[in-house]
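[1] give me a 3D structure for the following:
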Amino acid sequence: MIEHPEGVQLVPFLGERDLPLLRGWLDRPHVAQWWGDPEAALTYAREHPPAMHAIIAVEGEPVGYVCWQRLSAGELSAAGLSGLPRDHVDVDILIGEDERVGRGIGPQVLVALIEQLRSSGVSSVGLATDEDNHRARRAFAKAGFTLFQVFDEGGRRMCYLARELGPDV
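    Numbering: from 1, shown residues only. You can find the predicted model right below:
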């Protein structure tokens, strides 16, 4: 378990234990609005490498989910993101507990994850969100992400935000 300021922790995701929790969050309106099909997200979580996703906990209480992955050159190109470095890591994050949304947890988690990824040699991190998801965009900006590109996906306008990982986080 990785401990971070103000009691934020990244707890290893354990499939069978944590899938029902993730399912509950995916069904909540404030998450479902942006995450889409919960079955697709659960399948993705089941198949995701164990060391590349975690439950977000605050003072021991599960409040969200974060996962990260390296994208192949082909995936970057297909998404129109070929300008990103080959070692770029893509992140997905959700705060599932309604009362924890807007409390600064997302930016704390992203900064903690950035520290972890930078120490493993990653030079760039990014994430996508719907153009209309202003709350997420503000949270990502607080963690140092800036707009890299706007694109269309499934009829929705999306923003891809990125952050280069230099020597200072």
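[2] the longest helix in this structure is where?
    Here the longest helix in the chain is taken by residue count, with DSSP state H as the criterion, and it is helix 105-119.
[3] beta partners for Lys127?
    Heads up, residue 127 is Leu, not Lys. With DSSP bridges applied, Leu127 shows beta-bridge pairing to Leu161.
[4] give the contact list for it.
    90-93, 140, 145, 160-161 (CB atoms under 8 Å, 6 or more residues apart in numbering). C-beta here means a position set from N, CA and C on the backbone, and glycine is covered the same way.
[5] between those residues, which is closest to Arg70?
    Of all the contacts of Leu127, Arg70 sits closest to Asp90, with 7.6 Å by CB to CB.
[6] so that closest one bridges to which residues?
    Asp90 has these beta-bridge partners by DSSP bridges: Gln69, Gly126.
[7] so it touches Cys67, yeah?
    No: here Asp90 does not reach Cys67: they are 9.2 Å apart, not a contact under CB atoms under 8 Å.
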